[in-house]
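Participant: would you be able to build a 3D model of this:
(chains A and B)
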There are 2 protein chains.
Amino acid sequence: MKLYTYFRSSAAYRVRIALNLKGVYYDAVPIHLLRNGGEQLSDAYRAVNPSMLVPALEDDGQVLGQSLAIVEYLDETQPQAPLLPSNPADRARVRALALTVAADTHPLGNLRVLKYLTGTLGVSEDVKLGWQQHWLRTGLAALEQLLVNDPRTGRYSHGDTPTLADCCLVPQVFGAQRFGVDMTPYPTIMRIYAACSELQAFQQAHPAQQPDAE
Amino acid sequence: MKLYTYFRSSAAYRVRIALNLKGVYYDAVPIHLLRNGGEQLSDAYRAVNPSMLVPALEDDGQVLGQSLAIVEYLDETQPQAPLLPSNPADRARVRALALTVAADTHPLGNLRVLKYLTGTLGVSEDVKLGWQQHWLRTGLAALEQLLVNDPRTGRYSHGDTPTLADCCLVPQVFGAQRFGVDMTPYPTIMRIYAACSELQAFQQAHPAQQPDAE
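Facilitator: Just a heads-up that it's a prediction; the model follows:
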């Protein structure tokens, strides 16, 4: 398998964790989001992924986009270390936790959105940072509530083995800390983050461990 | 089943389509996003869904949030009229099409984001509309490319029966038209939209057909 990735991309980070949890070997193809005017916007990458976003996974000659769709694909094709529980209501819960990050939180702090804020809207760096922190706090608060109020939360987001939800939680915490969000109001998230960080699969997926890290 | 819904919510609209395609009877509980300071922010609704977003589905005493997680749950528990294909790579494609709408496009035009733009950032109505149209066009262009370049696209987004991808496509077109986006550059999307609009499941899920429509 071949993963088009950028070390600091939260969405690529999710897929790297899933690949590591599954024990799947892959070749990393770095796509630099800031160099050369953004390599994800190049004609070469557009031919790979018309959405011009990372990550993309190439397997068996097929290219798959969208981190959550990729993780579900891995879970369906690589049965070892399942990333979703077996019961439909529990699966729905894990997917909802993942989407709370991937749909409600992360898209608002995406690079292209920040560029629009400072470029087209002409906001200052301070206002941009305020925007980032506001949506990070909003998303983390929702995630904390979903975790703290549910007896199905265990050592990890759902039970005592890592799931798709943890693949999303950890990169989101990394992003929030990078942009200076005070994590004190999210003790359950931080407890789970600490538990995940003890696992090699998460350690090796960390942005600082990637071949394209700066 | 009980669906907490708002007639104009794109995410609730997706779930209504899926419920209709499955032929599942449900009770609609309207949550008005604009009245009473936003009923989704009330203590009563927060107790139902801590994310304070619509939709939420109540089934068997469990409350499920996140439209895509709800549709997957329906697909796993109601085998009639499957909303995902059987092959993993095809399933990944349908999920990626859905996420192109639900993660890359829709969250940027969500009510709370627009409120932040006009409130905290103090932008004009014109600039707000420009923001909405920009992200709608960006998302629709990506979706069009994913559809037009893939032989698996049929009468609907994937093959000749409606899928999760169509549950997302139709509400997004409705939203784009509502905010005055010129749809000429997206002929494949519009062809699929027209095909879906012939089906009763889509017609009955339309915002104008809801009990809380204004």
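Participant: got the contact list for residue A:208?
Facilitator: residue A:7 (Cβ atoms under 8 Å, 6 or more residues apart in numbering or on different chains). In this view, the C-beta of every residue, glycine as well, is placed from N, C-alpha and C.
Participant: which SS class is it?
Facilitator: Assigned by DSSP: H, G, I helix; E, B strand; the rest coil, the conformation of residue A:208 is helix.
Participant: which residues in chain A form strands?
Facilitator: If DSSP state E is used as the criterion, the strands of chain A fall at A:2-5, A:27-30, A:56-59, A:62-65.
Participant: could I get the average pLDDT for the second one?
Facilitator: By that I understand strand A:27-30. For strand A:27-30, the mean per-residue pLDDT is 95.
Participant: please apply the same query to the first one.
Facilitator: Along strand A:2-5, the predicted confidence averages to a pLDDT of 96.
Participant: and what of the last one?
Facilitator: Averaging pLDDT along strand A:62-65 gives 94.
Participant: remind me, longest helix of chain A?
Facilitator: helix A:125-148 (DSSP state H).
Participant: elements contacting that helix?
Facilitator: helix A:88-102, helix A:111-118, helix A:164-178, helix A:187-197, helix B:111-118 (3 or more Cβ pairs under 8 Å, 6 or more residues apart in numbering or on different chains; DSSP states H and E).
Participant: now the strands of chain A as TSV including distance to residue A:152?
Facilitator: Listed next are the strands of chain A as TSV, based on distance: least, Cβ to Cβ, whole Å:
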stretch	distance to residue A:152
strand A:2-5	30
strand A:27-30	34
strand A:56-59	29
strand A:62-65	29
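Participant: right, and these - which one's nearest chain B?
Facilitator: Nearest to chain B, of all those, is strand A:62-65, at 4.7 Å by Cβ to the nearest Cβ.
Participant: ok, the closest one near chain B or not?
Facilitator: Yes. Judged by Cβ under 8 Å from any Cβ of the partner chain, strand A:62-65 and chain B are in contact via A:62, A:64, A:65.
Participant: surely the first one is in contact with residue B:90?
Facilitator: No. Taking Cβ atoms under 8 Å as the definition, residue A:62 is not a contact partner of residue B:90, at 9.6 Å.
Participant: out of the strands of chain A, which is closest to residue B:189?
Facilitator: strand A:62-65 (17.1 Å; Cβ to Cβ).
Participant: what helices or strands is the closest one leaning on?
Facilitator: Against strand A:62-65 (3+ Cβ pairs under 8 Å, 6+ apart) you get strand A:56-59, helix B:88-102.
Participant: mean neighbour count, those: which tops it?
Facilitator: Scoring these by mean neighbour count under mean count of other Cβ atoms under 10 Å in any protein chain shown gives helix B:88-102 as the most buried, with a mean of 25.
Participant: that one to helix A:88-102, inter-axis angle?
Facilitator: 50 degrees (axes from the mean of the first three to the mean of the last three Cα atoms, to 10 degrees).
Participant: how is chain A divided into domains?
Facilitator: Using automatic domain parsing, the domain parsing of chain A gives A:2-81, A:88-202.
Participant: hmm, back to that, nearest to residue A:155, of the helices and strands packed on helix A:125-148?
Facilitator: helix A:187-197 (5.2 Å).
Participant: quick one: average pLDDT of that closest one?
Facilitator: 98.
Participant: check whether that helix contacts chain B.
Facilitator: No. Against chain B, helix A:187-197 shows no contacts by Cβ under 8 Å from any Cβ, the least distance being 12.2 Å.
Participant: which other helices and strands contact that helix?
Facilitator: Judged by 3+ Cβ pairs under 8 Å, 6+ apart, the packing partners of helix A:187-197 are helix A:125-148, helix A:164-178.
Participant: give me the nearest residue to residue A:133, chain neighbours excluded.
Facilitator: Spatially, and ignoring its direct neighbours in sequence, residue A:133 is nearest to residue A:181 (5.5 Å; Cβ to Cβ, 6 or more residues apart in numbering or on different chains).
Participant: same deal with residue A:207?
Facilitator: residue A:7 (4.5 Å).
Participant: do you know how far that neighbour is from residue A:20?
Facilitator: According to Cβ to Cβ, to the nearest Å, residue A:7 stands 15 Å off from residue A:20.
Participant: and the least confident helix or strand in chain A by mean pLDDT, C-alpha only, in PDB?
Facilitator: Using mean pLDDT, DSSP states H and E, the weakest-scoring helix or strand in chain A turns out to be helix A:43-48, at a mean of 88. What follows is helix A:43-48 as a C-alpha-only set of coordinates in PDB (Å, rounded to 0.1, in the frame of the first residue of the first chain):
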ATOM      1  CA  ASP A  43      -1.700  18.500 -11.600                       C
ATOM      2  CA  ALA A  44       0.200  15.300 -10.600                       C
ATOM      3  CA  TYR A  45      -1.600  15.000  -7.300                       C
ATOM      4  CA  ARG A  46      -4.900  16.100  -8.700                       C
ATOM      5  CA  ALA A  47      -4.700  13.100 -11.000                       C
ATOM      6  CA  VAL A  48      -4.300  10.900  -7.900                       C
END
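Participant: that helix: which residues count as buried?
Facilitator: A:45, A:48 (16 or more other Cβ atoms under 10 Å in any protein chain shown).
Participant: try stretch A:202-211
Facilitator: A:202, A:205, A:206, A:207, A:210.
Participant: quick one: average pLDDT of it?
Facilitator: On average, stretch A:202-211 scores 97.
Participant: first-to-last residue distance for it?
Facilitator: Terminal residues of stretch A:202-211 lie 16 Å apart, using Cα to Cα, to the nearest Å.
Participant: just checking the distance from it to the centre of its chain.
Facilitator: 13 Å (Cα atoms, centre = their mean, to the nearest Å).
Participant: got it, and stretch A:66-85?
Facilitator: 14 Å.
Participant: thinking residue A:201 is in contact with residue A:20, fair?
Facilitator: Yes. The criterion here is Cβ under 8 Å, and residue A:201 meets it with residue A:20 at 3.6 Å.
Participant: give the contact list for the residue lying closest to residue A:33 once chain neighbours are set aside.
Facilitator: Nearest residue to residue A:33, sequence neighbours excluded (Cβ to Cβ, 6+ apart): residue A:6, at 5.0 Å. By Cβ under 8 Å, 6+ apart, the residues touching residue A:6 are A:12, A:30, A:31, A:32, A:33, A:40, A:54, A:55, A:212.
Participant: who does the second one form a beta bridge with?
Facilitator: What it means is residue A:30. Following DSSP bridges, residue A:30 is listed with bridge partners residue A:5.
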